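Trainee: sequence-free structure coming up:
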Ligand SMILES: CC(C)(COP(=O)(O)OP(=O)(O)OC[C@H]1O[C@@H](n2cnc3c(N)ncnc32)[C@H](O)[C@@H]1OP(=O)(O)O)[C@@H](O)C(=O)NCCC(=O)NCCS
């Protein structure tokens with residue numbers, strides 16, 4: 001059952017959230033130090049067309065969501081959810097839904113008619129969460145990487 005939304009708030013992130021964001025990066029499967037996250041937040045501040053929201057429950061960061069948009073030649077301007085994670089202790093209390101809603105609202109405000117997201121095939125609970133919120137699974141992909 002959801003908590004009363006008054007139990008938490010969603011707001012744009014600040015540099016001083018770096019430690020809590022780093023902890024949650026680990027819970028998302030992307031182990032990151034506080035220093036790495038602080039550096040990334042500073043880099044992000046110089047970019048347009050993205051937003052990082054945090055949820056705060058009882059003064060503690062209970063989740064974060066990152067949304068961004070960039071123009072492409074083959075598709076109309078759309079937004080993409082870069083990451084979404086809720087602290088293990090706070091899952092199932094409505095925080096994820098509120099963060100996703102904030103990302104969607106940012107996308108609408110910035111002229112995007114679609115929000116896309118990519119989710120590892122092993123995250124079956126997250127897939128149910130997204131499908132219940134109106135997201136369709138439109139394709140499967142492989143992810144390639146090359147060290148430069
Ligand atoms: C997926 C995730 C962001 C959902 O956030 P959350 O705060 O737990 O979700 P909410 O409480 O807002 O919403 C719960 C809804 O999702 C469903 N749900 C999905 N996973 C759940 C979980 N682990 N616990 C409780 N409910 C869950 C519930 O049935 C509920 O649906 P309903 O409101 O239609 O009944 C969160 O579980 C999470 O951080 N998971 C690990 C990281 C991850 O997989 N991120 C997504 C990467 S693409």
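Mentor: Noted; the coordinates are in hand. All figures in this text were calculated on a predicted structure; none of them were measured in a lab. Numbers count the residues shown, from 1 in each chain.
Trainee: going forward, measure contacts and count neighbours with C-alpha atoms only.
Mentor: Will do.
Trainee: What strands flank the longest strand anywhere in the chain, and is each parallel or antiparallel?
Mentor: Ranked by residue count, the top strand of the chain under DSSP state E comes out as strand 60-69. Sheet pairing for strand 60-69, assigned by DSSP bridges, gives strand 50-57 (antiparallel), strand 79-86 (antiparallel).
Trainee: Tell me if that strand is near the ligand.
Mentor: No - between strand 60-69 and the ligand, judged by Cα under 6 Å from any ligand atom, nothing touches; the nearest distance is 7.4 Å.
Trainee: Would you mind listing the buried residues in that strand?
Mentor: Going by neighbour count (16 or more other Cα atoms under 10 Å), the buried part of strand 60-69 is 61-69.
Trainee: next one: stretch 64-83
Mentor: Buried residues in stretch 64-83, defined by neighbour count with 16+ other Cα under 10 Å: 64-69, 77-83.
Trainee: repeat for stretch 31-50
Mentor: 32-34, 37-38, 41, 50.
Trainee: buried stuff in the lengthiest helix in the chain?
Mentor: In the chain, with assignment by DSSP state H, the single longest helix is helix 95-109. Using 16+ other Cα under 10 Å as the test for burial, helix 95-109 gives 95-100, 102-104, 106-107.
Trainee: what's the host helix or strand of residue 9 packed up against?
Mentor: Using DSSP states H and E, residue 9 falls within strand 8-12. Using 3 or more Cα pairs under 8 Å, 6 or more residues apart in numbering; DSSP states H and E, the elements in contact with strand 8-12 are strand 50-57, helix 95-109.
Trainee: Redo those as CSV? Include mean pLDDT and distance to the ligand.
Mentor: Below are the helices and strands packed on strand 8-12 laid out as CSV (pLDDT from 0 to 100; distance: least, Cα to the nearest ligand atom, whole Å):
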stretch, mean pLDDT, distance to the ligand
strand 50-57, 98, 10
helix 95-109, 98, 3
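Trainee: residues contacting the spatially most central residue of the chain?
Mentor: Centroid-nearest residue in the chain, with Cα atoms, centre = their mean: residue 65, separated by 2.4 Å. For residue 65, the contact set (Cα atoms under 8 Å, 6 or more residues apart in numbering) comprises 52-54, 81-85, 99-100, 103.
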